[in-house]
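1. Here's a sequence, model it:
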Amino acid sequence: MAAHVPPPGWPARVRPPDAPLWERSAENWLLDISPPEYRGYPTLRRHIVVLARFAVLHVAGAQLACDRGLSEARAELRDVADVDVVEAAIETWHRESARLMRLRREVALVEDALRGRRFVARL
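-> Here you go, the predicted model:
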């Protein structure tokens, strides 16, 4: 088995678990995908597992907002935009939903690795 094997779906910008400076790359990535205010909280800067948990919940909240946007788009936008604009907005919600699903998997994998869980490559 090769050393430093990341699991499928691992974020490209984060070094594999146990690689040199992997936690530093994870911290930088987590801060980049989180609200900018998170950089100002000392607890999140000093405790990367706590930062990961905050990031997981932030992405989950964004997914809920996206789902709500999709469910309400036609009713909420029909009086303020043409049908083609509403349909374009719905398509945008779908793309954002797919992006957030990928991101949620990535952030969950990073959180798991920070908690000590390791992926074992199988043939």
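
2. Just list the residues touching the residue nearest in space to the middle of the chain, thanks.
-> What sits nearest the mean C-alpha location of the chain, by Cα atoms, centre = their mean, is Leu103, with 3.2 Å. Taking Cβ atoms under 8 Å, 6 or more residues apart in numbering, we find Leu103 in contact with 33, 59. Bear in mind the C-beta positions are built from the backbone N, C-alpha and C, glycine included.

3. so where's the longest helix in this protein?
-> When the chain is parsed with DSSP state H, its longest helix is helix 83-114.

4. Could I get the buried residue list for that helix?
-> Neighbour counts over helix 83-114 (16 or more other Cβ atoms under 10 Å) mark 86, 89, 93, 96, 100, 103-111, 113-114 as buried.

5. ok, those vs Leu77, which is closest?
-> Comparing the buried residues of helix 83-114 against Leu77 with Cβ to Cβ places Val86 closest, at 4.7 Å.

6. The closest one: what's its closest spatial neighbour, skipping adjacent residues?
-> Leu77 (4.7 Å; Cβ to Cβ, 6 or more residues apart in numbering).

7. how about the helices in the protein?
-> 22-33, 42-46, 48-77, 83-114.

8. Let's see the pLDDT reported for the residue lying farthest from the centre of the chain.
-> Most distant from the centre of the chain: Asp79, at 32.9 Å, with distances by Cα atoms, centre = their mean. On the pLDDT scale, Asp79 is placed at 94.

9. Same check on Val120?
-> 82.

10. thinking again about what came up before, gap between the longest helix of the chain and the chain center?
-> Averaging C-alpha positions (Cα atoms, centre = their mean, to the nearest Å) puts helix 83-114 8 Å from its chain's average.

11. what does stretch 55-72 give?
-> 11 Å.

12. what's next to it, contact-wise?
-> 30, 33-35, 38, 90, 93-94, 96-97, 100-101, 103-104, 107-108, 111.

13. hmm, try it at 7 Å
-> 30, 33-35, 90, 93, 96-97, 100, 103-104, 107-108, 111 (Cβ atoms under 7 Å, 6 or more residues apart in numbering).

14. again with stretch 7-22
-> For stretch 7-22, using Cβ under 7 Å, 6+ apart, the contacting residues are 4-6, 25-26, 29, 105-106, 109-110, 113, 118-119.
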